[in-house]
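Asker: below are the sequence and a predicted model; questions follow.
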Amino acid sequence: MKKLSLFLLAMAICLVAFRSWWQPRLAKEAAELSVPRATSDLRETRLDVGLSEAEAKLWHHHDEGSGFLPLSFFYALEDSQTGKPFIEALSRFGFVPDPSNQHGLPIGLSAAPLSTAPNKALMVGVSCAACHSGQYTYQGAVMTIDGAPNMLDFEALLDSLEGDLAATLGSPSKLFKLIESVMAWEQRLGAEEKLLEMHPSARRLVADAAEADEGHPLKATRAHLEAGLHAAYHAETPAAASARLIDVAGGLQGLAPEASDGGANDDAGAWQHLKDGFAKMGEDLAFLRRHGERLVTLKKSYVGETAGGPGRADSFDAIWDLLVQTEQVTPMTAPVSIPHLFGYADFHWVHWDGNSSAAMGRDYAQAIALGADYFRDTHVSTVLPHNVIELELTAHRLQAPVWPAEFLGAIDAQLVVKGEALYAQHCLSCHSEETLTPLEEIGTDPQRAENFAALSQDGKSYADLLIELGNAAASSSFASHGVTEEDLAPVERSDHPTWRVTGAYHTRRLGGIWASPPYLHNGSVPTLWDLLQPVSARPQKFAVGRELDAKKVGIDVDRQGAGAWVFDVTQKGNANTGHTYGSKLVDADKWALVEYMKTL
C-alpha cells in the first residue's frame, strides 16, 4: 500500500511538471492557430444593419414590377431534382428562407399582380434582397445580414427552372397536368385573381380528366385536351392560340359521358363552362408562352464560358443580350461577386468598375435583366418606379453590421490597436473614399472591366447605349406613373446621372468587409488572410458556401459540406492575381491587420 501511495505521489508531481511546461505552449498555439469558438447558445439571428422590422419586410419582398412567372407555377411545377414543388426547392439555389412570408417565398422574391398579366394574376419577381440579403453560418449559428451579398446561384436557378419547364411544355400530358395543377393551386391558395379563369365546376372536370386512365369515361376528354392545349400553347401568335382553343372547345361536344353518377363530369353546366373557359384562354396561354420564352432568353444570357456559381453573376452580359441586341448571345466570361450595400447612402459611383451614377437607370436595367416585361419598340416596361424609389430609400439606411462576438468570438483589442496603424499605412490610401485604380496598377483579373469597355454598337460604347436605353425606359415609365423630379431627388446620386467606361476598378471604404466574402471583384480569394499572401500562396481551387472562417475572416474552405461549388482560378475571368498590398508583411502584422478589419 505504501509503494502504491509513493507511486501515485510521483505521478502527480510529474503531471504538475508536465502541465507547467505544456500549458503555456498550448495557449500560444491556440492563439496562433485555433479557430475562435462561438461563446453563446444563440443559434439564429438577423444582425442589425439599421433597418426597422417594417423596413426589412419591405426590403425582403417589395415588388419592382419584374414578375417573370406566375406564383401558381412555382407551386405546380415539379423540381426534377427533389420531386417537390419548385417553390420548396428554392433554398438549394441559395435563396434565404422567410418563414413569415404568406406565399412561402424566400427573401428577395415578391408576389404581386403584373400590369401585363391576364386577370391580374400574382407573378413572382426578383428584387434587391435576393442578391443583397446574405446568410452566413458558423458552427451551427445562422446570421442573416441585410445588405450583405447572398450566395445565390442565379445561373443554376435559371438552368433548372428553364429545364424543368421545357420538359413539361414539350409533353402534351405533362403540360395538361401542369395547367390542371395551376388551376388547383390557384383554388387552394384562395387567389382572387387567377391566371387561368374558369368556373369551379369546370375546374373540377379538368381535375377529374387529368386523373383519367384507360377505361375511364373521361379518358377521351383527357386525350382531346392534352393535344389541343399543347398545340395552342405552341401556336405562333395569340390569335392562332385562341383559334386552336376554340377548336378544342368545339371538339368537346359529344364527349360528355352519357351515364350519370352525380359527379361533376356529368353536369351539363360544367361541360358548358369548360367549353367557355377554353374558348377564351388564348391570351392567357400566349402570355405564358411569352414568359416561357423570356425565361429561355434569360437562361442563355447567364450561361457562358465561365460558370458564375454562388454569389456571382455577369449582369452586364445579360443586359447586353436583353436590352441592346438579341440576335446572338454574348458568352459570360466575367462573373463578379455580388457587392455589399453597407453605407449605400454614400455611394456615388456603383459596380466594380464604377461605371454608373444613375440610380434609377441602373435599377431599370437590372429589373429588365431579371424578368420585367420590356417592349423595345415603345420602351414601355412593367417596372414600378415608385416601388423602386422606396427600395432605394430603404437601401440608403443600410449600415455595416458590428462583428457578432457572441457568434464568432471576441476581437483581440491589443491586436486591433496594432492593426489600425498598419491599415492606415497599407490600405487607407485606396479605401478612405471612392477612387479608380488602373488595371495595370492593381493587377487583378481585367476581364470584367475590359468586357464592358469592349462592347459597342454602331459606334456607340456600352455606356452610351445604356444612357440612351435607360433614359428611354425610365422616362416612359416616369411619365406613365407620374414620377416627378422631387420624387427622384432623394435617390439619384448626381444632378446628371450617367454611365461611363472606366477601364479600371473602383474602390471605397471597407465598412462591413468581414461580412462580404469571398474577396476581390471576382470572388477569387476566400479570406482576408489569403488576400494578404503572395499570389503564389493563395488557394487555386476552393469550396464556396455560407460557413465562415472567423480566424482568417472569410469563408471556411474546409467546412462547406459535400457537393459545394468549387471556384477554379484558372477559368477565364477568375484569376486571383494582383492586390498584393500587405503581402510582404510578417505574419504577426498580417494577423493584426485581419483582426482590425473585423472592426470596420
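Answerer: Looks like it came in fine.
Asker: next up, the contacts around residue 443.
Answerer: Residue 443 makes contact with 577, 578, 579, 580, according to CB atoms under 8 Å, 6 or more residues apart in numbering. Where C-beta positions appear, they are placed from N, C-alpha and C, glycine not excepted.
Asker: does residue 409 touch residue 550 like I think?
Answerer: Yes. In this structure, residue 409 is within contact of residue 550 by CB atoms under 8 Å, at 5.5 Å.
Asker: quick one: which of the contacts of residue 443 has the most company?
Answerer: residue 579 (22 neighbours; other CB atoms under 10 Å).
Asker: any idea how far residue 134 is from residue 341?
Answerer: For residue 134, the distance to residue 341 (CB to CB, to the nearest Å) stands at 10 Å.
Asker: contacting residues for residue 598?
Answerer: Per CB under 8 Å, 6+ apart, neighbours of residue 598: 403, 411, 416, 514, 553.
Asker: buried members of these into ChimeraX, please.
Answerer: Burial among these is assessed by 16 or more other CB atoms under 10 Å; the matching ChimeraX selection reads:
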select :403,416,514,553
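Asker: okay if I get the contacts of residue 598 as a markdown table plus distance to residue 110, pLDDT and secondary structure?
Answerer: Shown next, in a markdown table, are these (distance: CB to CB, whole Å; pLDDT from 0 to 100; DSSP: H, G, I helix; E, B strand; the rest coil):
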| residue | distance to residue 110 | pLDDT | secondary structure |
| --- | --- | --- | --- |
| 403 | 32 | 98 | coil |
| 411 | 38 | 98 | coil |
| 416 | 41 | 98 | helix |
| 514 | 30 | 98 | helix |
| 553 | 33 | 98 | coil |
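Asker: ok, so of the contacts of residue 598, who is nearest residue 483?
Answerer: residue 514 (37.7 Å; CB to CB).
Asker: residue contacts, the closest one?
Answerer: Residue 514 neighbours (CB under 8 Å, 6+ apart): 403, 528, 553, 597, 598, 600.
Asker: 7 Å - rerun?
Answerer: Taking CB atoms under 7 Å, 6 or more residues apart in numbering, we find residue 514 in contact with 403, 553, 597, 598.
Asker: give me phi/psi at the residue nearest to the second one when sequence neighbours are not counted?
Answerer: By the measure of CB to CB, 6 or more residues apart in numbering, the closest residue to residue 553 outside its immediate chain neighbours is residue 528, 4.4 Å from it. Recorded main-chain torsions at residue 528 are phi -70, psi -30, according to degrees, to the nearest 10.
Asker: what number of residues lie near residue 528?
Answerer: When neighbours are counted by other CB under 10 Å, residue 528 comes out with 24.
Asker: show me what contacts it?
Answerer: Residue 528 neighbours (CB under 7 Å, 6+ apart): 519, 552, 553, 554, 594, 597.
Asker: out of those residues, which are inside strands?
Answerer: Members of those lying in strands (criterion: DSSP state E): residue 554.
Asker: give me the distance between residue 505 and residue 577.
Answerer: 13 Å.
Asker: got it, and residue 351?
Answerer: On the measure of CB to CB, residue 351 and residue 577 end up 21 Å apart.
Asker: residue 523 and residue 337 touch, don't they?
Answerer: Yes. Here residue 523 reaches residue 337: they are 3.9 Å apart, a contact under CB atoms under 7 Å.
Asker: these two: who's more crowded?
Answerer: residue 523 (25 against 20).
Asker: residues contacting that one?
Answerer: 311, 312, 337, 567.
Asker: at 6 Å what do you get?
Answerer: Contact analysis of residue 523 by CB atoms under 6 Å, 6 or more residues apart in numbering lists 312, 337.
Asker: spit out the contact partners of residue 50.
Answerer: 397, 398, 399.
Asker: one more time with 10 Å, if that's ok
Answerer: 56, 146-147, 342-343, 345, 394, 396-401 (CB atoms under 10 Å, 6 or more residues apart in numbering).
Asker: now, which of these lie within strands?
Answerer: Using DSSP E, the contacts of residue 50 in strands are residue 146.
Asker: list the residues that contact both of residue 134 and residue 341?
Answerer: The contact lists of residue 134 and residue 341 share 146, 147, 148, 149, 516, where a contact means CB under 10 Å, 6+ apart.
Asker: filter those to the buried ones?
Answerer: Listed as buried from the shared contacts of residue 134 and residue 341 are 146, 147, 148, 149, 516; burial here means 16+ other CB under 10 Å.
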